[in-house]
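Novice: Fold the stuff below for me.
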Amino acid sequence: MKFSVSSSELLKQLQVASGALGSNPVLPILEDFLFKIENKKLTISASDLETSISTSIEVLADDDFTVAIPAKILLETLKALPQQPVTFNINPDNFGIEITSSYGKYRLAGENGADFPSLPESDDVDKVKINSQYLLEGISKTMFATSTDDLRPAMTGVYFQVDFNKLVLVATDAHKLVKYSTHHLAGEVATAFIIPKKALSLLKNALPSNDSVSIAFNKANAFFSFGNTNLVCRLIDARYPDYNAVIPVDNPNQLSALRSDLQNSLKRIAIYANKTTNQVVLDMNDKSLTISAQDIDFSNEATEQMACNYNGSPMKIAFNAKFLVEMLGVLESEEIKIDLSTPSRAGILTPVEENNDREILMLVMPVMINN
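Specialist: Numbering: from 1, shown residues only. Below you'll find the predicted structure:
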């Protein structure tokens, strides 16, 4: 059993699939790629039983067969080879593999592909479609706000709310919350599910910049298909918190400022903040914003003043500078606004320039001001 393929084309597909390889697999065969050849098409799969990726490529093959090939040694071999055709010879008796390049031969031990765990099938699913650019944007703008607390599994993933032609992505860790909405969805279903962060990270790396993505889902899994790639992930089986309940509705105080100026000021001031709380104080009045921080333990202190537009009562509120800087880095608009009610309630960050086809809202909880 043998097949030939371009080394660089194969490496490109292997690098997409390799994201699903686990660091400590429960089964030794999960350290392998599954190669399945049918009608001169090679499908490469990798899985950690929670997330699986398969991608396909045309090859020159003399037969249909499956074999499991150790991932690490194969990736390292192909990375070390310049682009050229390579031929794989597989011994059907012991699944030994011989790779031939213009430089020489490389032998490694494969395994029976039939022993590779079968990947979930998309049975009894609902389907929607979206352009990859909106899915990519939604993932990029929400994923950073997920929680790392395994005691609250729902918050370790991103909440997908499908509502016919609208998709809402929400992520929160109880200190910050991001909500991304787009109407660029084609579907006839209303439901919600939670996608794990690892699967979204793999999607983000594998998604093309402008292509149609099919999302299918049932109660247990979500299936993402685009181009010649399929990603399957197990959904997080937990109830997502009612995020709308924490978004304050009545916010009479509004600050608007240039995003990059505010972000840079916060970065400088944060150097002088307490390293445990990262607390910075925003002191707002009619025409100016004063940003300050201090670390009493080390007698460090810093204050800056910047121009802004502020409508509302004079107000002093403290935030974790790290969270604010991170959020301002994800918001791309030139100018941002922060809606506030009282120093003990969350602030809401949004871009000043409204976007007709998608919206983003970020919420950050205040910290108690240390006097």
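
Novice: For the chain, give me the ranges with low pLDDT.
Specialist: Within the chain, the segments meeting pLDDT under 70 span 370-371.

Novice: do that again at 90, thanks
Specialist: 22-26, 62, 119, 121-124, 209, 286-288, 296-297, 332, 353-357, 368-371 (pLDDT under 90).

Novice: domains of it?
Specialist: 2-115, 126-245, 248-364 (automatic domain parsing).

Novice: export those domains to TSV and tack on mean neighbour count?
Specialist: All C-beta spots, glycine's among them, are computed from the backbone N, C-alpha and C. Output for these, formatted as TSV (neighbours: other C-beta atoms under 10 Å):
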stretch	mean neighbour count
domain 2-115	17
domain 126-245	18
domain 248-364	17
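
Novice: which residues in the stretch 201-350 of the chain form helices?
Specialist: 259-270, 321-330 (DSSP state H, counting those that start in this stretch).

Novice: Which one of these lies nearest to Ala206?
Specialist: helix 321-330 (20.7 Å; C-beta to C-beta).

Novice: tell me the angle the closest one makes with helix 259-270.
Specialist: 160 degrees (axes from the mean of the first three to the mean of the last three C-alpha atoms, to 10 degrees).

Novice: now for helix 321-330, which elements pack on it?
Specialist: Contacts defined by 3 or more C-beta pairs under 8 Å, 6 or more residues apart in numbering; DSSP states H and E place helix 321-330 against strand 176-182, helix 259-270, strand 279-284, strand 358-364.

Novice: What lies in contact with that helix?
Specialist: 140-141, 144, 175-176, 178, 259, 262-263, 266-267, 269-270, 273, 278-280, 293, 336, 349, 362, 364 (C-beta atoms under 8 Å, 6 or more residues apart in numbering).

Novice: now it against strand 279-284, angle please.
Specialist: Comparing the axes of helix 321-330 and strand 279-284 via the same axes, to 10 degrees yields an angle of 70 degrees.

Novice: Tell me how far helix 321-330 lies from the chain's centre.
Specialist: Relative to its chain's centre, helix 321-330 lies at 17 Å (C-alpha atoms, centre = their mean, to the nearest Å).

Novice: what does stretch 143-161 give?
Specialist: With C-alpha atoms, centre = their mean, you get 11 Å for stretch 143-161.

Novice: can you check stretch 265-277 too?
Specialist: 27 Å.

Novice: before we move on, what about stretch 346-360?
Specialist: 20 Å.

Novice: end-to-end on it?
Specialist: Taking C-alpha to C-alpha, to the nearest Å as the measure, stretch 346-360 stretches 16 Å from start to finish.

Novice: isn't Lys41 right up against Val59?
Specialist: Yes. Taking contacts as C-beta atoms under 8 Å, Lys41 lies within contact range of Val59: 7.2 Å.

Novice: Give me the common contacts of those two.
Specialist: Going by C-beta under 8 Å, 6+ apart, no residue sits against Lys41 while also sitting against Val59.

Novice: okay, the helices and strands packed on helix 321-330 in a markdown table with distance to Leu11 next?
Specialist: Shown next, in a markdown table, are the helices and strands packed on helix 321-330 (distance: least, C-beta to C-beta, whole Å):
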| stretch | distance to Leu11 |
| --- | --- |
| strand 176-182 | 33 |
| helix 259-270 | 38 |
| strand 279-284 | 46 |
| strand 358-364 | 35 |
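
Novice: For Phe226, which of those is the nearest?
Specialist: Between those, strand 176-182 lies closest to Phe226; by C-beta to C-beta that is 16.7 Å.

Novice: Need the contact partners of that closest one.
Specialist: 130, 134, 137-138, 141-142, 144-145, 166-172, 243, 246-247, 323, 326-327, 330, 357-365.

Novice: for stretch 204-213, same thing?
Specialist: Contacts for stretch 204-213 (C-beta under 8 Å, 6+ apart): 16, 19, 53, 129-133, 135-136, 139-140, 143, 224-227, 229, 231.

Novice: Next step: those residues restricted to strands.
Specialist: Ile53, Lys129, Ile130, Asn131, Phe224, Ser225, Phe226, Thr229, Leu231 (DSSP state E).

Novice: gap between the fifth one and Asp211?
Specialist: In this view, Phe224 and Asp211 are 12 Å apart by C-beta to C-beta, to the nearest Å.

Novice: Could you do the last one as well?
Specialist: Leu231 sits 14 Å away from Asp211, taking C-beta to C-beta as the criterion.

Novice: Likewise for Leu21?
Specialist: 24 Å.

Novice: list the contacts for Asn320?
Specialist: Per C-beta under 8 Å, 6+ apart, neighbours of Asn320: His175, Thr277, Asn278, Gln279, Val280, Val364, Val367.

Novice: so the fourth one makes contact with Ile317?
Specialist: No. Between Gln279 and Ile317 there is no contact under C-beta under 8 Å: 10.8 Å.

Novice: Now do the shared contacts for those two.
Specialist: In contact with both Gln279 and Ile317: Ile369, using C-beta under 8 Å, 6+ apart.
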